[in-house]
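Trainee: model the following, please.
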Amino acid sequence: DQGEKAVPPLLEAMSTGSDTLRYIGAQVLGRIGSPRAQQMLLNLSHDENLHVQKEAILSLSKIHVPSLIDTVKQMLKQSPQSELRAAAAESIAGFRDTSACGPLIKALEDSAVLVRQSAIASLNRIWTDRSIDGVIRSMDDEDEKVRYIATQIAAIRRIEAARSKLRDALYDPSPWVRIEAIRGVLALADTSAVDGLVNILKYGEEEEVTAGQEALRSLTGIDYVVE
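Mentor: Okay, the predicted model is just below:
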């Protein structure tokens with residue numbers, strides 16, 4: 001509530017404070033957004049407590065120091081802790097700098113699911129056409145949440161190159177992915193997706209069946225009923 005004038009006493013208290021104080025302090029410094037927090041947050045990003053490190057990394061993009069993006073890129077690339085790489089992937093989008101797209105696309109190949117989830121979500125926040133290939137590849141990810149976000153992006157962004165992937169996603173084992181795929185083929189007015197949509201009417205769950213019926217009606221002008 002005190003804003004900028006809270007920063008000096010907060011920094012002083014955090015220099016010798018407990019894990020809990022440093023953890024909460026890192027969050028508060030991010031909310032205040034003062035560049036004067038730069039050194040403290042950099043220090044905390046190497047703290048002995050993993051949770052403190054994570055909060056510090058998340059706050060680095062909020063204190064209006066654009067050059068810190070290079071530091072966060074290095075964390076995304078080199079941190080041995082998957083939780084910290086995921087935090088870096090989430091944080092980096094806060095800089096609103098499309099130079100982060102390359103590192104995020106590379107992070108879509110990370111062995112840790114948590115990192116891939118953060119990376120695909122961040123790509124949508126700092127979107128460029130360079131991200132399209134990464135999104136399309138992520139539609140085949142082994143993790144359901146990564147596929148869900150990637151399919152959602154393909155639908156929202158109306159990615160023409162994702163047409164066939166969206167049709168394939170109508171058969172995904174996850175109903176949530178299938179629902180996003182329905183929205184995608186509808187957004188792209190893809191009438192060649194009719195067979196996949198009819199398949200959902202036959203074998204899908206309640207919400208996706210309703211979405212599939214609406215999509216078929218919009219794409220073909222026909223009310224499909226499967227008994």
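Trainee: quick check, central residue of this structure?
Mentor: The centroid of the chain falls nearest to residue 121 when counting by C-alpha atoms, centre = their mean (1.2 Å).
Trainee: in this structure, where is pLDDT below threshold?
Mentor: Low-confidence segments of the chain, defined by pLDDT under 70, span residues 227.
Trainee: helices of that one, residue ranges please.
Mentor: Along the chain, the stretches classed as helices by DSSP state H are 7-14, 19-32, 38-44, 50-60, 69-78, 82-92, 101-107, 113-125, 132-138, 144-156, 163-169, 175-187, 194-203, 206-220.
Trainee: and of the ones you listed, who's closest to residue 1?
Mentor: When the helices of the chain are compared by C-beta to C-beta, helix 19-32 sits nearest residue 1, at 10.0 Å. Heads up, the C-betas are built off the backbone N, CA and C, glycines and all.
Trainee: who does that closest one touch, helix- and strand-wise?
Mentor: On a contact count with 3 or more C-beta pairs under 8 Å, 6 or more residues apart in numbering; DSSP states H and E, helix 19-32 meets helix 7-14, helix 38-44, helix 50-60.
Trainee: out of those, which gets nearest to residue 135?
Mentor: For these, proximity to residue 135 was assessed by C-beta to C-beta; helix 50-60 is nearest, at 23.4 Å.
Trainee: quick check: buried residues in the closest one?
Mentor: The neighbour-count check on helix 50-60 (16 or more other C-beta atoms under 10 Å) flags 52-60 as buried.
Trainee: please apply the same query to stretch 90-98.
Mentor: 90-95.
Trainee: could you count how many residues lie near the spatially closest residue to residue 185 that is not a sequence neighbour?
Mentor: Of all residues not flanking residue 185 in the chain, residue 193 sits nearest, at 3.8 Å (C-beta to C-beta, 6 or more residues apart in numbering). Neighbour count of residue 193, defined by other C-beta atoms under 10 Å: 27.
Trainee: any figure for the gap between residue 193 and residue 87?
Mentor: Residue 193 sits 37 Å away from residue 87, going by C-beta to C-beta, to the nearest Å.
Trainee: do the same with residue 22
Mentor: Distance, residue 22 to residue 87, by C-beta to C-beta: 15 Å.
Trainee: okay, the two: which has more neighbours?
Mentor: Neighbours per residue (other C-beta under 10 Å) separate residue 22 from residue 87, with residue 87 holding more: 28 against 25.
Trainee: the more buried one touches residue 50, doesn't it?
Mentor: No - between residue 87 and residue 50 there is no contact under C-beta atoms under 8 Å: 9.8 Å.
Trainee: need the contact list for the residue nearest to the centre of the chain.
Mentor: Counting by C-beta atoms under 8 Å, 6 or more residues apart in numbering, residue 121 makes contact with 90, 93, 149.
Trainee: kindly recompute the last result at 6 Å.
Mentor: With contact taken as C-beta atoms under 6 Å, 6 or more residues apart in numbering, residue 121 is in contact with residue 149.
Trainee: any idea how far it lies from residue 142?
Mentor: Note on residue 121: its distance to residue 142, by C-beta to C-beta, is 17 Å.
Trainee: repeat that for residue 17.
Mentor: Residue 17 sits 41 Å away from residue 142, taking C-beta to C-beta as the criterion.
Trainee: residue 99: what's its closest spatial neighbour, skipping adjacent residues?
Mentor: In this structure, residue 99 finds its nearest non-sequential neighbour in residue 69, 7.2 Å apart by C-beta to C-beta, 6+ apart.
Trainee: list the buried ones in stretch 108-115?
Mentor: 108, 110, 113-115.
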